[in-house]
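# Prediction below, plus the sequence it came from.
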Amino acid sequence: MTIYGAHVGLQNTTINELRSVWRRIEDLGFGWISVWDHFYAATLDEGAQCFEAVAAHAALACETKRVTCGCLVYSVGYRHPAVLANAITTIDHLSGGRAAIGLGAGWSQVEYDAYGIEFPPVRTRMDQLEEAAACVRGLLRNETTDFTGDWFTLTDARNEPRPVQDALPVWIGGGGEKRTLRIAARFADGWNVPFVPPEVFAHKRSVLHRHCEDAGRDPGEVRCAVNLGLAWTEDDLRAQFGGLAEYVRPGVLGGSDQEVLDRIGTYVDAGADQVNIALRAPWDLDAVDRLAAALGLT
């Protein structure tokens, strides 16, 4: 069964607005809400107004009662995996066992540069992601974890108390076919990619499955999700995504209710186990109401 969720940006908004948005999404019948991990607004033409992800993730856990609470995705370039594992374990307890963690290699160099954090070449960032995924999975699943890498080292490391969930889901975000999808195949319970058209999603999913087979893993163990924008009009698209509008356009839903449903259906046919609607301020919750009604969630 396809899960429908919402991926809620933390930029250019207030905490009270976020609380209201989260509650509304849950009340509408969506099964997943995630936040992102940025320090600056995630567009090309806006400033730095953006709430921090771990604190927001914890607030989401406390504000909701039913939905899975995720983050797509924490950047391992400025989030040590042991700190993340401890944080997500606490969030799992706050939520009563509804937390999920996503990991990514990071991409918004402006944030790294502003805060004096090294932004290494992509190969190095992918090495960091692979090591961090191994560390996080070990800390969440095992009583003790030992790991020696080029970037992270764990020695008889414990993560206590244990998460509420025996197998707290680990997600990997991104579409890189040589490294990202291979890392997902080895370490992830879920894989997420944003704003790609259905045929690209289908292709990358097939690559992921090949990596799973190479790793001796059942591809069905990895949930596949896509993040899609929702913009009923061109003005809506520009208001939400600013300078990124053209980049995200291939993965934005719009048109009539039936056109939106048909487009979602193409992703489901392409193998999407989960479809997340990427939302950001200015909030248009009437549009979300309309989608929920069209999907039959309400």
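Okay, I see it.
# count of residues packed around residue 65?
Residue 65 has 10 neighbours, counted by other CB atoms under 10 Å. C-betas here are computed from N, CA, C, even on glycine.
# what do you get for the one 3 residues further on?
When neighbours are counted by other CB under 10 Å, residue 68 registers 19.
# same question, residue 265
Using other CB under 10 Å, residue 265 has 14 neighbouring residues.
# Now do the contacts for it.
Going by CB atoms under 8 Å, 6 or more residues apart in numbering, residue 265 touches no other residue.
# Which helix or strand contains it?
Following DSSP states H and E, one finds residue 265 within helix 257-269.
# which helices and strands sit right next to the helix or strand just after that helix?
Next along the chain after helix 257-269, taking DSSP H and E as the criterion, comes strand 274-279. Applying 3 or more CB pairs under 8 Å, 6 or more residues apart in numbering; DSSP states H and E, one finds that strand 274-279 makes contact with strand 3-8, strand 32-35, strand 190-194, strand 223-230, helix 257-269, helix 285-295.
# Mean pLDDT and distance to residue 144 for the ones you listed - can I get that in CSV?
Converted to CSV, these look like this (pLDDT from 0 to 100; distance: least, CB to CB, whole Å):
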stretch, mean pLDDT, distance to residue 144
strand 3-8, 98, 33
strand 32-35, 98, 29
strand 190-194, 98, 25
strand 223-230, 97, 28
helix 257-269, 97, 40
helix 285-295, 95, 44
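# any chance of those in a markdown table, with distance to residue 132 too?
Shown next, in a markdown table, are the helices and strands packed on strand 274-279 (distance: least, CB to CB, whole Å):
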| stretch | distance to residue 132 |
| --- | --- |
| strand 3-8 | 21 |
| strand 32-35 | 18 |
| strand 190-194 | 16 |
| strand 223-230 | 20 |
| helix 257-269 | 28 |
| helix 285-295 | 33 |
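# rewinding a little: what's the angle from the helix holding residue 265 to helix 285-295?
70 degrees (axes from the mean of the first three to the mean of the last three CA atoms, to 10 degrees).
# Using CSV, write down the CA coordinates of helix 257-269.
Extracted C-alpha coordinates of helix 257-269, given in CSV (Å, rounded to 0.1, in the frame of the first residue of the first chain):
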residue,chain,number,x,y,z
ASP,A,257,-7.5,17.0,-9.5
GLN,A,258,-7.5,14.2,-12.0
GLU,A,259,-4.3,15.3,-13.6
VAL,A,260,-2.6,15.3,-10.2
LEU,A,261,-4.0,11.8,-9.4
ASP,A,262,-2.9,10.5,-12.7
ARG,A,263,0.6,11.9,-12.2
ILE,A,264,0.9,10.4,-8.8
GLY,A,265,-0.3,7.1,-10.3
THR,A,266,2.7,7.1,-12.7
TYR,A,267,5.0,7.2,-9.7
VAL,A,268,3.2,4.4,-8.0
ASP,A,269,3.4,2.4,-11.2
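# Could you figure out how far that helix is turned away from strand 3-8?
Computed by the same axes, to 10 degrees, the angle separating helix 257-269 from strand 3-8 equals 110 degrees.
# and the helix or strand hosting residue 135, what's its mean pLDDT?
Using DSSP H and E, residue 135 sits in helix 122-141. Regarding helix 122-141, the rounded mean pLDDT is 98.
# Report the buried residues of that helix.
Neighbour counts over helix 122-141 (16 or more other CB atoms under 10 Å) mark 125-140 as buried.
# Give me the three-state assignment for residue 162.
coil (DSSP: H, G, I helix; E, B strand; the rest coil).
# Can you list phi and psi of it for me?
phi -70, psi 160 (degrees, to the nearest 10).
# nearest residue to it other than its sequence neighbours?
Excluding the flanking residues, the one nearest residue 162 by CB to CB, 6 or more residues apart in numbering is residue 89, at 7.2 Å.
# Now do the one you found: how many residues are near it, please.
Other residues near residue 89 come to 22 when the count uses other CB under 10 Å.
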